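*Asks:* Any chance you can model this:
(chains A and B)
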Amino acid sequence: MARVVVEVMLKPEILDPQGQAVANALPRLGVTGVRSVRIGKRIEIEFSGEPDLEQARQVADKLLANPVIEDFSLRVEETTEATS
Amino acid sequence: MKAIIGVVTFPGSLDDRDAVRAVARAGATPVRLWHGDSDLHGVTAVILPGGFSYGDYLRCGAIARFAPVMETIADAARGGLPVLGICNGFQILCEAHLLPGALTRNEHLHFRNRDQSLRIGSTASAWTKVFVPGQEIVIPVKNGEGRFVADPHTLDELEAEDRVVARYVGGNPNGSQLDIAAIRNEAGNVVGIMPHPEHAVDELTGPSLDGLGFFASVLRHLSGDALAGVASGLASPGGGSEPSAESESASRAPVESMASSRGSA
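*Replies:* I've put the predicted structure just below:
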């Protein structure tokens, strides 16, 4: 089985107030020297058979990301069935 | 032509009832439309109300855009059907690419809920005909993701083509670019607005009656179209500031009973 992992990020020129809020909290943890934090989404799509990258790309372009404000990337990730 | 205005209910819509009420107050017949029903039931204009359609999962309006009713509305809007998207409805219109740009998280991350002053820009839209350019109005604003953003080219285009319908004055509540509160499409039939005209139609509950202007505008738009199409010899409608379809309310009863039989679906 394989999954397609889609990562969605706000475009660099789009303000990310969530990322800024996190960045502003870092000094409270004693972390300094961080220039910026940006927050995105990771979406995992599991196909029942072979992963259809083209279909996943359409899903990402039409629904998962809004191309007006976001960029996305996708890749196939092999999953090893968790066996105990 | 009787103005029959559809108000869509999505799962998570909140302001559909207020929109229905505002439509009736303005003298038109409201018809409730259901997100899962692609039939527009003969409405002559559509309102996409505020709220949190489909929980606003993924992005505000992203899932609502693919609702069966939206496919029909998108086609009809491209054909000239007047559509007003309020708040979440504005977000849906942007997601559906019926309007440019996008609505993003408020700059300061706070949900803003207050009475907001706006300056009317373009009155060349179906929903702002009774206003005068530069007129200031006060209606409630309430959003967490209301900051309008678009690329510089789109912003230039909106300015150059007089497509900014309203701007925030007396303080921008969300960091919207160019203080944009409302925009229209090229043809002027589709308008998206972040603040809530439907909450300003009643002295008891609203900060003003300024919201009525948006609904009165579409009535004038619709009656103007009907006259132009059917009887060009008639006097032009809407000389004064009164909603021009007010006089048609006598013929409302039969349609209203049809509307109420649909209930709240």
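*Asks:* which residues are contacting the lengthiest helix in chain A?
*Replies:* For chain A, the longest helix by residue count, based on DSSP state H, is helix A:17-25. For helix A:17-25, contacts defined as CB atoms under 8 Å, 6 or more residues apart in numbering or on different chains pick out A:34, A:36-39, B:105-109. In this view, the C-beta of every residue, glycine as well, is placed from N, C-alpha and C.
*Asks:* Mind doing that once more with 10 Å?
*Replies:* Helix A:17-25 is contacted by residues A:9-10, A:16, A:31, A:34-40, B:104-110, B:147, B:175 when judged by CB atoms under 10 Å, 6 or more residues apart in numbering or on different chains.
*Asks:* Pull the number of nearby residues for the closest residue to chain A within chain B.
*Replies:* Nearest residue of chain B to chain A (CB to the nearest CB) works out as residue B:102 at 4.5 Å. Neighbourhood size, residue B:102 [other CB atoms under 10 Å in any protein chain shown]: 22.
*Asks:* Can you give me every residue that contacts it?
*Replies:* A:14, A:66-70, B:59-61, B:91, B:94-95, B:145, B:147-150.
*Asks:* Check residue A:12 too.
*Replies:* Contacts of residue A:12 (CB under 10 Å, 6+ apart): A:38, A:71.
*Asks:* Next, find the distance separating it from residue A:71.
*Replies:* Remark: distance between residue A:12 and residue A:71 (CB to CB, to the nearest Å) = 8 Å.
*Asks:* for residue B:209, same thing?
*Replies:* 44 Å.
*Asks:* Please apply the same query to residue A:1.
*Replies:* 27 Å.
*Asks:* follow-up on the earlier one: weed out the non-buried ones from the contacts of residue B:102.
*Replies:* Neighbour-count burial (16 or more other CB atoms under 10 Å in any protein chain shown) applied to the contacts of residue B:102 gives A:14, A:66, A:68-70, B:59-61, B:91, B:94-95, B:145, B:147-150.
*Asks:* Sitting in helices, which of those do you find?
*Replies:* Taking DSSP H, the ones among the buried ones among the contacts of residue B:102 that sit in helices are B:91, B:94-95.
*Asks:* TSV please, covering the residues you listed and showing distance to residue B:192 and pLDDT.
*Replies:* Below are these laid out as TSV (distance: CB to CB, whole Å; pLDDT from 0 to 100):
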residue	distance to residue B:192	pLDDT
B:91	8	98
B:94	7	98
B:95	11	97
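*Asks:* where do the strands sit along the chain?
*Replies:* Just so you know, I chose chain A. A:2-10, A:40-46, A:70-78 (DSSP state E).
*Asks:* try again with chain B
*Replies:* Using DSSP E, strands in chain B cover B:4-9, B:29-34, B:45-48, B:83-86, B:102-104, B:112-120, B:136-143, B:147-149, B:164-169, B:180-184, B:190-193.
*Asks:* Could you identify which of these is most buried?
*Replies:* strand B:83-86 (a mean of 30; mean count of other CB atoms under 10 Å in any protein chain shown).
*Asks:* what packs against that one?
*Replies:* Applying 3 or more CB pairs under 10 Å, 6 or more residues apart in numbering or on different chains; DSSP states H and E, one finds that strand B:83-86 contacts strand B:4-9, helix B:16-25, strand B:45-48, helix B:68-78, helix B:88-95, strand B:180-184, strand B:190-193, helix B:212-230.
*Asks:* Please repeat the previous calculation with a cut-off of 8 Å.
*Replies:* strand B:45-48, helix B:68-78, helix B:88-95, strand B:190-193 (3 or more CB pairs under 8 Å, 6 or more residues apart in numbering or on different chains; DSSP states H and E).
*Asks:* Report the strands that pair with that strand, each with its relative direction.
*Replies:* strand B:45-48 (parallel), strand B:190-193 (parallel) (DSSP bridges).
*Asks:* a markdown table for those strands, including distance to residue B:36?
*Replies:* Shown next, in a markdown table, are those (distance: least, CB to CB, whole Å):
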| stretch | distance to residue B:36 |
| --- | --- |
| strand B:45-48 | 15 |
| strand B:190-193 | 22 |
